[in-house]
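Asks: here's a sequence, model it:
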Amino acid sequence: MASANSGISSLCERLNLLLPPLLSTQRSSWEQGICAQALLESHRFFVEAQTSPKAQNLPYDFVQWLYALAHDSLVRQAPDGRLAVLLNGNGASDAGAVDPACIGETLYYLCAREANDAAMSFPPPRAAVSDSLYDGVEKMLRYIMESCPRAPLDSNEPTSPDQLLLSHRTDAVQIWSDTIYMLSPFLASAAAFRTLPPSYRPDTPAPYTARALMKKALQQIDLAATVLEKATGEWAHIYDFGRRDFKRAALWGVGNGWVCAGIIRMFNTLACPILSASESPDQRDVYPDLDQLGLGSNGDLRPLLRAVYDILLNTLRACLRHKLPGTALFHDVLDDPHSFVETNLAQMLAYTIYRLLDLHAHSARFRALGLPPLFSDDRVVWEQEADAMREAARVKTDRWGFVRDVCGSPTFNKPGTAAEGQAWGVMMEVAWAQYSWHKQSASGK
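Replies: Model prediction:
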């Protein structure tokens with residue numbers, strides 16, 4: 001397994017470089033969530049590879065960081081349930097409606113650990129609006145399901161609740177390409193959590209069935225695509241339902257990255273263990289129950305899952321057509337050669353491809369979902385594309401660990417640095433290392 005170990009060593013070098021800037025940034029609600037997700041995916045790979053940060057000379061305890069990030073999301077939880085949104089001073093909050101849900105999978109993971117392991121106790125903040133991590137994440141879910149602003153696709157037609165699009169914002173009813181990442185993976189993780197055996201979740205009645213949440217996660221992607229996805233596969237950025245017009249019709253590169261990464265994360269939630277054998281008292285991997293999710297062999301949500309899968313492939317192919325020759329990077333606005341050359345989309349698409357290839361090649365549970373396999377030419381070409389984009393992003397990382405020339409915080413309309421750029425650098429590297437580990441393990445090297 002020397003080759004597999006070299007992949008872990010390469011990952012650790014990158015984590016040592018990328019994590020200090022990420023963990024030092026001031027973060028908005030979705031940035032808190034994407035930071036936590038980067039650490040959660042790092043942790044899960046280390047557990048699968050049967051190693052630890054300490055064994056790899058990393059000064060990080062991933063679970064400690066996950067709890068710290070989750071804890072602060074409750075410190076700044078608004079009374080309406082939105083996580084990580086309160087600002088210092090008078091208690092005003094940012095205007096994100098679905099951005100605060102970005103940290104949800106981390107909270108559900110910690111809840112599962114706490115419920116089945118007496119040594120894992122994660123106290124909530126004092127004087128917070130929630131009594132526990134579980135209470136906090138379920139308040140976030142209730143906000144999404146009951147209070148989040150929403151609108152029908154057509155204001156002139158009668159619409160069922162299932163056909164309402166949830167708004168990205170609280171101060172306007174808008175759908176963003178970013179919404180796909182912030183919302184659907186959270187709903188899928190809430191659905192998956194509900195399928196766990198009783199010993200793996202709090203002994204508290206949970207509203208909403210696993211199937212209902214899974215359906216909502218898939219429907220929101222399908223509905224959003226009817227508004228934002230172009231015939232050629234790319235997504236426009238923002239549609240405003242109040243104006244019934246695009247607020248920003250630009251084919252923003254990173255927005256298309258949020259679409260691809262959000263969908264592949266949802267598939268990863270369905271196919272991968274919520275808890276690994278070493279984290280389970282039963283010493284077995286604990287997976288979501290696909291039957292309860294409506295995705296078993298005869299599940300009624302399978303056609304909707306297939307539609308979302310097709311959206312992913314269409315968007316991924318559309319984005320790759322805009323890759324700049326010689327750099328493996330993209331313009332900030334995909335079809336605007338006058339916009340700056342941007343780094344983060346390359347990281348997001350490389351992550352998406354590594355995860356997609358890994359699921360098809362090494363996950364029997366993913367293949368059991370009945371989705372069509374990738375063409376062999378796509379597999380070969382896409383891995384080459386991912387490797388080129390990964391290398392281009394690595395070149396953009398300076399000696400201080402900053403990934404340069406991403407859409408820069410806080411306005412995201414010029415080249416700079418950002419928490420999300422750092423997090424996607426981490427997540428790309430983890431996805432590459434995990435895919436490489438599985439390939440090498442399968443070959444016995």
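Asks: which residue ranges of the stretch 101-250 of the chain form helices?
Replies: For the stretch 101-250 of the chain, the helices defined by DSSP state H, counting those that start in this stretch cover 104-116, 133-142, 179-194, 210-228.
Asks: which of those is buried the deepest?
Replies: helix 179-194 (a mean of 28; mean count of other C-beta atoms under 10 Å). Where you see a C-beta, it was placed from the backbone N, CA and C, and this is true even at glycine.
Asks: average pLDDT across that helix?
Replies: Averaged across helix 179-194, the pLDDT comes to 98.
Asks: related to what we said a few turns ago, and the helices of the stretch 101-250 of the chain as TSV, adding distance to Val98?
Replies: Shown next, in TSV, are the helices of the stretch 101-250 of the chain (distance: least, C-beta to C-beta, whole Å):
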stretch	distance to Val98
helix 104-116	10
helix 133-142	10
helix 179-194	4
helix 210-228	9
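Asks: so which of the ones you listed is nearest Tyr67?
Replies: Closest to Tyr67 of these is helix 104-116 (C-beta to C-beta; 6.2 Å).
Asks: for the closest one, packing partners?
Replies: Applying 3 or more C-beta pairs under 8 Å, 6 or more residues apart in numbering; DSSP states H and E, one finds that helix 104-116 makes contact with helix 29-48, helix 62-75, helix 133-142, helix 179-194.
Asks: can I get the ones you listed in CSV with distance to Phe122?
Replies: Formatted as CSV, those follow (distance: least, C-beta to C-beta, whole Å):
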stretch, distance to Phe122
helix 29-48, 13
helix 62-75, 5
helix 133-142, 5
helix 179-194, 15
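Asks: among these, which comes closest to Gly425?
Replies: Nearest of these to Gly425, taken as C-beta to C-beta: helix 29-48 at 8.5 Å.
Asks: okay, the angle between the closest one and helix 62-75?
Replies: 160 degrees (axes from the mean of the first three to the mean of the last three C-alpha atoms, to 10 degrees).
Asks: what's helix 29-48 packed up against?
Replies: Secondary elements touching helix 29-48 (3+ C-beta pairs under 8 Å, 6+ apart): helix 2-24, helix 62-75, helix 104-116, helix 419-443.
Asks: can you pull the buried residues of that helix?
Replies: Of the residues in helix 29-48, 29-48 count as buried by neighbour count, 16 or more other C-beta atoms under 10 Å.
Asks: what number of residues lie near Pro281?
Replies: By other C-beta atoms under 10 Å, the residues close to Pro281 number 12.
Asks: if we can go back for a sec, in a markdown table: the helices and strands packed on helix 29-48, plus mean pLDDT and distance to Ala55.
Replies: Shown next, in a markdown table, are those (pLDDT from 0 to 100; distance: least, C-beta to C-beta, whole Å):
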| stretch | mean pLDDT | distance to Ala55 |
| --- | --- | --- |
| helix 2-24 | 87 | 10 |
| helix 62-75 | 96 | 13 |
| helix 104-116 | 95 | 20 |
| helix 419-443 | 95 | 15 |
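Asks: format those as JSON lines; extra columns: distance to Arg169.
Replies: Formatted as JSON lines, these follow (distance: least, C-beta to C-beta, whole Å):
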{"stretch": "helix 2-24", "distance to Arg169": "26"}
{"stretch": "helix 62-75", "distance to Arg169": "19"}
{"stretch": "helix 104-116", "distance to Arg169": "18"}
{"stretch": "helix 419-443", "distance to Arg169": "18"}
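Asks: which one of these lies closest to Asn344?
Replies: helix 419-443 (4.8 Å).
Asks: and the direction of that closest one versus that of helix 29-48, what angle?
Replies: Computed by the same axes, to 10 degrees, the angle between helix 419-443 and helix 29-48 is 20 degrees.
Asks: tell me which other helices or strands helix 419-443 touches.
Replies: Against helix 419-443 (3+ C-beta pairs under 8 Å, 6+ apart) you get helix 2-24, helix 29-48, helix 344-362, helix 376-395, strand 406-407.
Asks: right, and Gln219 touches Asp162 too?
Replies: Yes: with contact defined as C-beta atoms under 8 Å, Gln219 reaches Asp162; the gap is 6.1 Å.
Asks: against Ala361, how distant is Val308?
Replies: 20 Å (C-beta to C-beta, to the nearest Å).
Asks: just Val137 next, same as before
Replies: Val137 is 32 Å from Ala361, by C-beta to C-beta.
Asks: about what we covered before: distance to Pro205 for the helices and strands packed on helix 419-443 - can I get that in CSV?
Replies: Conversion of these to CSV gives the following (distance: least, C-beta to C-beta, whole Å):
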stretch, distance to Pro205
helix 2-24, 37
helix 29-48, 26
helix 344-362, 33
helix 376-395, 44
strand 406-407, 42
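Asks: contact partners for the residue lying closest to Ala151 once chain neighbours are set aside?
Replies: In space, Ala151 comes closest to Phe241 once its chain neighbours are excluded; the distance is 3.8 Å by C-beta to C-beta, 6 or more residues apart in numbering. Phe241 makes contact with 151, 155, 165, 167, 173-175 under the criterion C-beta atoms under 8 Å, 6 or more residues apart in numbering.
Asks: low pLDDT regions in the stretch 151-300 of the chain?
Replies: For the stretch 151-300 of the chain, applying pLDDT under 70 flags the ranges 158.
Asks: show the pLDDT at Leu87.
Replies: Confidence for Leu87, expressed as pLDDT, is 84.
Asks: if you could redo that for Lys445, that was the one I meant.
Replies: 60.
Asks: which residues touch the nearest residue in space to Gly233 that is not next to it in sequence?
Replies: Excluding the flanking residues, the one nearest Gly233 by C-beta to C-beta, 6+ apart is Ala318, at 2.9 Å. Counting by C-beta under 8 Å, 6+ apart, Ala318 touches 230, 232-234, 256.
Asks: hang on, the earlier thing: looking at Val308 and Ala361, which one has more neighbours?
Replies: Counting neighbours by other C-beta under 10 Å for Val308 and for Ala361 shows that Val308 has the greater number, 22 against 16.
Asks: does that one count as helix, strand or coil?
Replies: helix (DSSP: H, G, I helix; E, B strand; the rest coil).
Asks: is it true that Pro124 touches Leu133?
Replies: Yes: counting by C-beta under 8 Å, Pro124 does reach Leu133; the two are 6.4 Å apart.
Asks: so for the two, which residues contact both of them?
Replies: Common neighbours of Pro124 and Leu133 (C-beta under 8 Å, 6+ apart) are Leu74.
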